[in-house]
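Trainee: what follows is a predicted protein model with its sequence.
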Number of protein chains: 2
Amino acid sequence: KLKEEGIIHRVKIHEVRADKHIELGPFKLEMIGLTHSIPEMQAIAIRTDAGIVMHTGDWKLDEAPMVGPVTDEARLKQYGDEGVLAMVCDSTNVMVEGESGSESHVRQNLAEVIGACENRVLVTTFASNISRLESILYAARDAGRSVGLAGKSLWRITDAAKQAGYLKDVPPFLSDHEAMKLPKDKCLIVCTGCQGESRAALTKIAQQEHPAIRLSPKDTVIFSSRMIPGNESRIGWMQNKLTTLGLEIISDRDGFIHVSGHPCRGELERMYKLVRPQIAIPVHGEARHIHEHAKFAQSLGVSETIEATNGAVIELKKGETPRVVGMVEWGYTAMDGTSLIDTNSIVLRTRRKLRDAGCVVLSMVIDKKGKVVGQPQISGPGTLDPAADQHIITMIQKETAHEIEKIIESKKERMIDERMRGIMRRILNAEIGKKPVLDIHIHQL
Amino acid sequence: KLKEEGIIHRVKIHEVRADKHIELGPFKLEMIGLTHSIPEMQAIAIRTDAGIVMHTGDWKLDEAPMVGPVTDEARLKQYGDEGVLAMVCDSTNVMVEGESGSESHVRQNLAEVIGACENRVLVTTFASNISRLESILYAARDAGRSVGLAGKSLWRITDAAKQAGYLKDVPPFLSDHEAMKLPKDKCLIVCTGCQGESRAALTKIAQQEHPAIRLSPKDTVIFSSRMIPGNESRIGWMQNKLTTLGLEIISDRDGFIHVSGHPCRGELERMYKLVRPQIAIPVHGEARHIHEHAKFAQSLGVSETIEATNGAVIELKKGETPRVVGMVEWGYTAMDGTSLIDTNSIVLRTRRKLRDAGCVVLSMVIDKKGKVVGQPQISGPGTLDPAADQHIITMIQKETAHEIEKIIESKKERMIDERMRGIMRRILNAEIGKKPVLDIHIHQL
């Protein structure tokens, strides 16, 4: 990714072996292998003077993750036996009872679902999920289908996976163009866009704007993914588009063809029983998930929990209630054109106003005697309808011209801007009930 | 609603008794009582020269709807025996197996959930759901809590329900101000906003902007509702806000405290077995629901289905495949200020551009000799940062002034607008990578 963005030289990369201990300032770190939808995920046990902090990162428990090792529960338990001060732990699925389930079951089911398809098959999933990709590739092989990839991140991930020794056992991937030349029943295309991302392959396919892929009625699109909260509307929109094209859609609602990479309550319970921390610090979730996780940790016998927001600096001391002692600055920056800007900058604040009400521009020329030359010019992009609102333009022209001459006569030039705005605001509000951004250019000769 | 909007005099209202037959042009209509989350819902059997068309409207099957009569299955079956040409039917829950469930179970569960609360209780639900309101009121009574209402639509609906003979058995409602004066454990407030609507009571409470209601930590907010697809993000946002205030949230995920008003597959199957239409016309749903419903109807033995979009005019003939023979204009209009406008009007299209990139305004004065007087003025609301982008303003000023004098000298005035835009576009794209709306005012003396 750094290479693609051309900034690889600006970043120093420290490669770390999962089986080595690391010293970082006053901390001693040990990595402990966990399962997740990305292989080789590591929890970090941080040994400090105040005690041990276990940071789980993203994780789940899967006895048969298909790619990468299983969770090192023995080592987690050893830490639990030694005594862990605090555990920082994934809250994503704390609202879900039971277990997240195993990739091995998904693999079986995907093979069945893909085996039953007759025409072209498209499968979309999270590109980083190497074991899922492998599941799809094996299912394609069993169904006698060759596999094409559509979407840059899939090529990047599969290259990286092969370099790391995964996906060894599969034939080379076809490009999307090559895959489209296959007979329909010999073709499977893995594509990006399971969340309806606006520039991803599947979204372009749904809009019939993809450079290589045009699907036909009775082709099947398989969503081996879940809807991430917040993306429901755009995924629904895309699925409607695909349906309108006559395609069959199969999603995790129709069968167990996706499994979460995050722990459900059963797995959280097992983790708390292994690590037995004195303090629980729920992370990775919104306020309601953090809160539910804190309650759940208490129900599992954790004596102290703290519900902290992003950026919170938490003080941990053995036997004491943890507390927030500071805040680190955090937040989003926006890419606007080619610049990074603050999401609360004047530029973006103005743009929100422009979105809601458009803008009205007034320009006029004043001669040396303080008289308006010609007519004031008025335009109203996003506010005024040139066909319907001419009378408003005329009203503003007359009133502002009259008023500015009066102001200059009484030598109150510093009032010009405010008075012009007042007139425009009043007329626009009375006539069409709008409050646009106002912009005024006065040329004094 | 018409009264509130002051347009009751503009609309002619025909009151119709549910037990009467109606003649409407060439059609004979009979209403058949169904259950739904609104009492007294009616299917309409439309008798035409070509055969009978059954239009279900919104419905479900509930043997114990608590308010209003149960579905008249006998009459539906009589129509089935007579022979129904086509059924126009609700697709909302066609993706959901089984039955939607009964309000009677929700009533029991709500009583338990509310009975277990200790501090203040807020319940939000769909205002039109009279039986749910009654369930909440009975639960409040059993728990020794008085009930306040927050939200205009709740007052409107409960008034209407009382006028129609429902909600007889309950004490008068308190205002939100009165309810807040009760001891916490004697207070229950029903409020609008279960979908996170921006101006509804619960949203204002979450933002701590409600004029009467301020909740305290350990108060409980009960969502006796479901997330309507498309509203997940704003409901999640609101629930996070409420959690941050220390409130406990109970939703349909925590127990069976909401039931859908639309038929799941089990109920659809029963309806198709009663009515046995020759043609299925799925409605009420997005493309993927319509498609799934058509497939499901076929699996139930319906010989013809048609998947039509909004506005489609469908020709129905006995023994023939139904087809779309025309389109009726339909769509949204937007309220912009005080005017109704087309969502694809130039005003709204411009506003989308303004939202994405802002606008840059250039004005300049040209004297009689074709020379620029003073400096061109440039402003860039939503595009240029006055602090950072002064060099861009200077560049545009210089280039446009130089160019316009050249154009006038070579008597190509009609090129002015295009050339000025070209310069601005090029500089803005090269310097900051933005493509704003451009607005140009030229004053020629």
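Mentor: Received, thanks.
Trainee: identify each buried residue in stretch A:207-226, please.
Mentor: A:His210, A:Ala212, A:Ile213, A:Leu215, A:Asp219, A:Thr220, A:Val221, A:Ile222, A:Phe223, A:Ser224, A:Ser225, A:Arg226 (16 or more other C-beta atoms under 10 Å in any protein chain shown). All C-beta atoms are positioned from the backbone trio N, CA, C, and that covers glycine.
Trainee: dump that stretch to PDB, restricted to CA.
Mentor: Written as PDB, here are the backbone C-alpha positions of stretch A:207-226 (Å, rounded to 0.1, in the frame of the first residue of the first chain):
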ATOM      1  CA  GLN A 207     -24.000   0.000 -12.600                       C
ATOM      2  CA  GLN A 208     -22.900  -1.800 -15.900                       C
ATOM      3  CA  GLU A 209     -19.800   0.400 -15.900                       C
ATOM      4  CA  HIS A 210     -17.200  -2.200 -15.400                       C
ATOM      5  CA  PRO A 211     -14.600  -2.200 -18.200                       C
ATOM      6  CA  ALA A 212     -14.500  -6.000 -18.500                       C
ATOM      7  CA  ILE A 213     -17.400  -7.600 -16.700                       C
ATOM      8  CA  ARG A 214     -21.000  -7.700 -18.000                       C
ATOM      9  CA  LEU A 215     -23.100 -10.300 -16.300                       C
ATOM     10  CA  SER A 216     -26.100 -12.000 -17.900                       C
ATOM     11  CA  PRO A 217     -29.500 -13.000 -16.400                       C
ATOM     12  CA  LYS A 218     -29.200 -16.200 -14.300                       C
ATOM     13  CA  ASP A 219     -25.600 -15.600 -13.400                       C
ATOM     14  CA  THR A 220     -25.100 -15.700  -9.600                       C
ATOM     15  CA  VAL A 221     -23.500 -13.200  -7.300                       C
ATOM     16  CA  ILE A 222     -22.500 -14.700  -3.900                       C
ATOM     17  CA  PHE A 223     -21.900 -12.300  -1.000                       C
ATOM     18  CA  SER A 224     -19.500 -14.300   1.300                       C
ATOM     19  CA  SER A 225     -19.500 -11.400   3.700                       C
ATOM     20  CA  ARG A 226     -21.600  -9.500   6.200                       C
END
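Trainee: does that stretch reach chain B?
Mentor: No - using C-beta under 8 Å from any C-beta of the partner chain, stretch A:207-226 stays clear of chain B, coming no nearer than 10.9 Å.
Trainee: who's in contact with the residue in the stretch 1-150 of chain A positioned nearest to chain B?
Mentor: Scanning the stretch 1-150 of chain A for the residue nearest chain B gives A:Met95, at 6.3 Å (criterion: C-beta to the nearest C-beta). Applying C-beta atoms under 8 Å, 6 or more residues apart in numbering or on different chains to A:Met95 gives the contacts A:His289, A:Glu292, B:Arg253.
Trainee: so can I have JSON lines of the residues you listed showing secondary structure?
Mentor: As requested, those are exported to JSON lines (DSSP: H, G, I helix; E, B strand; the rest coil):
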{"residue": "A:His289", "secondary structure": "helix"}
{"residue": "A:Glu292", "secondary structure": "helix"}
{"residue": "B:Arg253", "secondary structure": "coil"}
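Trainee: buried ones among those?
Mentor: A:His289, A:Glu292.
Trainee: follow-up on the earlier one: so how far is A:His293 from the residue of the stretch 1-150 of chain A closest to chain B?
Mentor: Distance of A:Met95 to A:His293, given as C-beta to C-beta, to the nearest Å: 9 Å.
Trainee: that's a helix at the residue of the stretch 1-150 of chain A closest to chain B, yeah?
Mentor: No - in this structure, A:Met95 is coil, not part of a helix, as judged by three-state DSSP.
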